[in-house]
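Engineer: Sequence plus predicted model, see below.
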Amino acid sequence: MEEVTMSLCIFSRNIKLDILVPLEISANELIIGINEGFALGMDTSDISKCFLRTESPVALIKGNKSLKEFGLRNGTIINCL
């Protein structure tokens, strides 16, 4: 399983940390995992309305596409408000 190290920035809590993420999971799985793991309070009851913003590459990730299909890589930054 291919994994990459990404930076997670949660601006509302002034948190920046590195996380190890497998590229085979879907964007939805990452959204739910980060939401539950960091208690972000996102309403995931309608997951189709949920997304994460990234830099390097710049993208809005959502849906059942794998993270690899989005071109995420080591050094990608995930921004959460």
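Structural biologist: Cool, the structure landed.
Engineer: Only C-alpha atoms from now on, for both contacts and neighbour counts.
Structural biologist: Fine.
Engineer: Mind jotting down where the helices sit in the chain?
Structural biologist: For the chain, applying DSSP state H gives helices covering 27-37.
Engineer: Asn28: neighbour count?
Structural biologist: By other Cα atoms under 10 Å, 22 other residues sit near Asn28.
Engineer: can you give me the strands in this structure?
Structural biologist: Secondary structure of the chain, counting by DSSP state E: strands at 3-10, 15-22, 52-55, 59-61, 77-80.
Engineer: Of these, which stretch is the most buried?
Structural biologist: Highest mean neighbour count of the strands of the chain: strand 77-80, a mean of 20 (counted as mean count of other Cα atoms under 10 Å).
Engineer: packing partners for that strand?
Structural biologist: Contact analysis of strand 77-80 by 3 or more Cα pairs under 8 Å, 6 or more residues apart in numbering; DSSP states H and E lists strand 3-10, strand 52-55 as its packing neighbours.
Engineer: any idea how far Leu67 lies from Asn28?
Structural biologist: 10 Å (Cα to Cα, to the nearest Å).
Engineer: Need the per-residue pLDDT for the spatially closest residue to Ala27 that is not a sequence neighbour.
Structural biologist: Counting by Cα to Cα, 6 or more residues apart in numbering, Ala27 lies nearest to Lys62, which is 5.0 Å off, once chain neighbours are set aside. Lys62 carries a pLDDT value of 97.
Engineer: Could you do Leu81 as well?
Structural biologist: pLDDT, read off for Leu81, is 82.
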